[in-house]
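Participant: quick one: sequence plus predicted model below, questions after.
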Amino acid sequence: MSMISVDVGGEESHSYAVGTTVGDVVLNVHGRKHGAVAALVDGVERDFSHVLEADCSVEPIDGASEAGLYILRHSCAHLLAQAVTELHPNARPTIGPPIEHGFYYDFHMDPIGDEELRAIQKRMKALVKQNLVIEREEHGNDTLREMFGGNPFKLEIMDDKIGHDVGSSAYRQGDFVDLCRGPHVPSTAHLRWFRLTSTSQAYWRADSSRESLVRIYGMCYPTKEALQERVRQLEEAAKRDHKKIGKEMELYMIDELIGRGLPVWLPNGEILKSEIERFAIETEEAYGYVRVTTPVLAKQQLFEASGHLPHYADSMYPPMEMDDGTYYLKAMNCPMHHLIYRNKKRSYRDLPMRIAEYGTVYRNELSGTLAGLLRVRMLSMNDAHIYCTLEQVAQEFADNIRMVQDYYAAFGFENYHFQLSLWDPEAPDKYIDQPENWAATENHLRQILDGLGVPYVETVGEAAFYGPKVDIQFTTLLGREESMSTIQLDFAAKERFTLTYKDETGAENGEVFVIHRAPLSTHERFVAFLTEHWAGSFPTWLSPVQVQVITISEKHKQHAARVAEALEQAGVRVRVDDSDSTIGKKIRLHRTLRPAYMVIIGDEESANGTVSIRGRNNNQRNGVVLDEFVAEIFAEITNRSTELEIVPPE
RNA sequence: GCCACUGUAGCUUAGCUGGUAGAGCACUUGAUUCGUAAUCAAGAGGCCGGGAGUUCAAAUCUCCCCAGUGGCUCCA
């Protein structure tokens, strides 16, 4: 019998008979509890069933590794498809990729509900118990077309791949077979720790003009512990949900009578919003911005000039007919700012000109996308437009990127990344069709980002219709990526609005570039993130209630009033609860409103002129002299500190 | 806009296969004056999201709207 030498890592080589499988080697080297789902053979991912014919290296892929999870989840998607096709013989599987935390699979079938979802999960569990072997089969194109002849979606996938590196393999488990490149776990018993989570409608090829499909999502992990940990994470995330906390803290409300996506800022939320605005005004003054106010609606002609009609028409509220023409609610402030720029002759000495506005714009977002404060139809923004020469663009971009970084540091955000959003030449109708301008400005932004040394990803098809942009992306608690801040370069406005300036030579120069920027996102989205990030326990300077004074009994009303008075004089937002319920009950009650500090006033404090402070961390600091507390909280607020130091953690 | 699910007092919710609403918190009143996540008692509060239908009878079944949630698409 001829032998081969297999490099098994750790500078060890073993000899095996030709025909030994990957699985045999892994079992032999790493034992029964190897935890691997497949292996790298000479660096290529292979199934355990892969037969070794020559000298090679074999490195197991652990189920918990990134590659291993991918395989595990991919296999779990197949398991789902097997269960679905067994229960619904008319269902046609389309594609089913692994995703973060799990997988999904899209089926062409009648829509299903929760009950059906549970039935499918039950069937999957049963298939796991049967421990079906998952086998790889190699077939020619003709055979494959015959095997999947009843599934037009699989045929379409094959059509696309013919002439390329066709993954002419299929994987079979029981009676189910799926077109797939692999690799897969060796048997269904490896797929114990999964859970189906939800269903959704999706379109074939993400194209809303194509077939509507049923998407089933699931999560899948290598161990019970990992699955439970994920479930726990999701529960934790739900506790931080801004919709829940926003209600508890009375930050905002949405009323059917006002309309969907039109949040009302309640007094507590308004405090948050105005603190953010105050911070932005201070910052922008330092950066040389001027401030304006423009109307919320304007004539159709303005939005035609700007190009919002037709490029952006779907996102605008429908027109209003007035006696002197057709009006639209503004979806953006820029056209009005352009008119301000054009309102008088500008000189090169005026540039860069930075026009800022606290404006509300109105966008007709699709009803199905609206979500609390995260996606709304009334957008309050700290918006601004910078008018400058091409040479000045780099500096202005750099300043704005720094501004964003400084803001985020001040609000305690760390988890974000930069994205260079490019146009999609394949979809020129979505954009102003000037390929040479796109190429030039995209390159310019690339150089600016590279020059700043800011890491970023490039995404095609995410540009504004008038130019490329730098977006700052966040991931929500539930894992969805959203744009927060945006800095956009506009090369189209100068022509559409004939924006010019008198340059050093005295000539009328039409090369005015516009930068659109909203470093603080919209107030709605920003507050949503802020709330989720801090779980409602905001830094003191942002807290709607900075100090909640609580008396122990009626006897302490007087000292409580003195304490409140002293805090108010220092500009601290303070409330007093001197009702006659018990101390425990009051603490419990005020916890949902999440004051930065609770101050307890009893006999001791009244007698000594002190306060006892309870922090958000539920730690306590007793017997603090009133003036000392006032000075400390004053400093914490004026420094806009995110370190909560008055009551240190234990 | 599309798919699924959900919608009972201010909040959280019970209500099985149809017989016309139950609780806790909050609120009001009274008692209690209290030391760190619920003091006791009483009271008030709901045409069960809206409309139509089936039925002797609908919170419960059917249909149509409206709204919320999770996705798809889109986007700050």
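Facilitator: Now that the structure is in, tell me what you want to look at. Numbering: from 1, shown residues only, chains lettered A, B, ... in the order given.
Participant: tell me which parts of the stretch 151-300 of chain A are close to RNA strand B?
Facilitator: For the stretch 151-300 of chain A, the residues in contact with RNA strand B (Cβ under 7 Å from any atom of the strand) are A:198-203, A:206, A:208, A:212, A:214-215, A:217, A:241, A:243, A:247, A:254, A:256, A:259-261. (C-beta placed from N, C-alpha, C; glycine too.)
Participant: give me that answer again for 6 Å
Facilitator: A:198-203, A:206, A:208, A:212, A:215, A:243, A:254, A:256, A:260 (Cβ under 6 Å from any atom of the strand).
Participant: buried subset of those residues, written for PyMOL?
Facilitator: To isolate the buried ones among these in PyMOL, judged by 16 or more other Cβ atoms under 10 Å, type:
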select buried, chain A and resi 199+202+215+243+254
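Participant: for A:F107, what is the enclosing helix or strand?
Facilitator: Here A:F107, judged by DSSP states H and E, is contained in strand A:102-108.
Participant: what about the closest residue to A:M253 other than its chain neighbours, how many neighbours?
Facilitator: The shortest distance from A:M253 to any non-neighbouring residue, by Cβ to Cβ, 6 or more residues apart in numbering, is to A:V264 (5.1 Å). When neighbours are counted by other Cβ atoms under 10 Å, A:V264 registers 12.
Participant: if we can go back for a sec, buried ones in the strand holding A:F107?
Facilitator: Buried positions in strand A:102-108, judged by neighbour count with 16+ other Cβ under 10 Å: A:G102, A:F103, A:Y104, A:Y105, A:D106, A:F107, A:H108.
Participant: what's near enough to touch the fifth one?
Facilitator: With contacts taken as Cβ atoms under 8 Å, 6 or more residues apart in numbering, A:D106 has the following neighbours: A:P93, A:T94, A:I95, A:G96, A:A202, A:W204, A:L213, A:V214, A:R215.
Participant: per-residue confidence at it?
Facilitator: pLDDT for A:D106: 92.
Participant: now do it against RNA strand B, distance only.
Facilitator: 9 Å (Cβ to the nearest atom of the strand, to the nearest Å).
Participant: before we move on, back to that, from the buried residues of strand A:102-108, which is closest to A:L379?
Facilitator: Nearest to A:L379, judged by Cβ to Cβ, of those is A:Y104 at 30.8 Å.
Participant: who is the closest residue to that closest one other than its chain neighbours paired with across the strands?
Facilitator: Counting by Cβ to Cβ, 6+ apart, A:Y104 lies nearest to A:Y217, which is 4.7 Å off, once chain neighbours are set aside. Note on A:Y217: beta-bridge partners by DSSP bridges are A:Y104, A:S198.
Participant: what does A:Y416 give?
Facilitator: With DSSP bridges as the rule, A:Y416 is bridged to A:F474.
Participant: again, but for A:M378
Facilitator: A:Y362.
Participant: run a quick neighbour tally on it.
Facilitator: A:M378: 18 neighbours (other Cβ under 10 Å).
Participant: what separation is there between it and A:I637?
Facilitator: 29 Å (Cβ to Cβ, to the nearest Å).
Participant: what residue in the stretch 401-550 of chain A comes nearest to RNA strand B?
Facilitator: Residue of the stretch 401-550 of chain A nearest RNA strand B, by Cβ to the nearest atom of the strand: A:S483 (2.6 Å).
Participant: cool, and the stretch 551-650 of chain A?
Facilitator: Closest point on the stretch 551-650 of chain A to RNA strand B, by Cβ to the nearest atom of the strand, is A:G602, at 2.4 Å.
Participant: re the thing from before, just flag the most distant two among the residues of the stretch 151-300 of chain A next to RNA strand B.
Facilitator: Farthest pair in those (Cβ to Cβ) is A:A206 and A:E256. Separation: 32.0 Å.
Participant: any chance you could map the strands in the stretch 51-200 of chain A?
Facilitator: Secondary structure of the stretch 51-200 of chain A (DSSP state E, counting those that start in this stretch): strands at A:56-62, A:92-93, A:98-99, A:102-108, A:135-138, A:169-173, A:176-179, A:194-203.
Participant: looking at the ones you listed, which is closest to A:D490?
Facilitator: Once the strands of the stretch 51-200 of chain A are compared by Cβ to Cβ, strand A:194-203 is nearest, at 31.7 Å.
Participant: counting by contacts, list what that closest one packs against.
Facilitator: helix A:66-87, strand A:102-108, helix A:114-130, strand A:212-220, helix A:224-240 (3 or more Cβ pairs under 8 Å, 6 or more residues apart in numbering; DSSP states H and E).
Participant: settle this for me: the residue nearest to A:Y104 is touching A:F194, isn't it.
Facilitator: No - the criterion here is Cβ atoms under 8 Å, and A:Y217 misses it with A:F194 at 10.8 Å.
Participant: of the two, who's got more company?
Facilitator: Comparing A:Y217 with A:F194 by other Cβ under 10 Å, the one with more neighbours is A:F194, at 24 against 18.
Participant: any idea how far the closest residue to the more buried one other than its chain neighbours lies from A:H444?
Facilitator: The shortest distance from A:F194 to any non-neighbouring residue, by Cβ to Cβ, 6+ apart, is to A:C220 (3.9 Å). With distances taken as Cβ to Cβ, A:C220 is found 44 Å from A:H444.
Participant: the two: which is more packed in?
Facilitator: For A:C220 and A:H444, the more surrounded residue by other Cβ under 10 Å is A:C220, and the numbers stand at 26 against 18.
Participant: returning to that earlier point: which residues does the residue nearest to A:F194 contact?
Facilitator: A:L72, A:R73, A:C76, A:G102, A:F103, A:L191, A:W193, A:F194, A:R195, A:L227.
Participant: can I get those residues in CSV with pLDDT and distance to A:R363?
Facilitator: Compiled in CSV, the contacts of A:C220 are given as follows (pLDDT from 0 to 100; distance: Cβ to Cβ, whole Å):
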residue, pLDDT, distance to A:R363
A:L72, 92, 41
A:R73, 93, 36
A:C76, 94, 38
A:G102, 89, 32
A:F103, 92, 33
A:L191, 91, 43
A:W193, 91, 42
A:F194, 92, 39
A:R195, 89, 36
A:L227, 89, 39
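Participant: which one of the residues you listed sits in the busiest neighbourhood?
Facilitator: Most surrounded of the contacts of A:C220: other Cβ under 10 Å gives A:C76, at 30 neighbours.
Participant: wait, what's in contact with that one?
Facilitator: Taking Cβ under 8 Å, 6+ apart, we find A:C76 in contact with A:P98, A:G102, A:F103, A:L191, A:F194, A:G218, A:C220.
Participant: touching, A:G63 and A:R192? I think so.
Facilitator: No - applying Cβ under 8 Å, one finds A:G63 not in contact with A:R192, separated by 11.0 Å.
Participant: many thanks, we can stop here.
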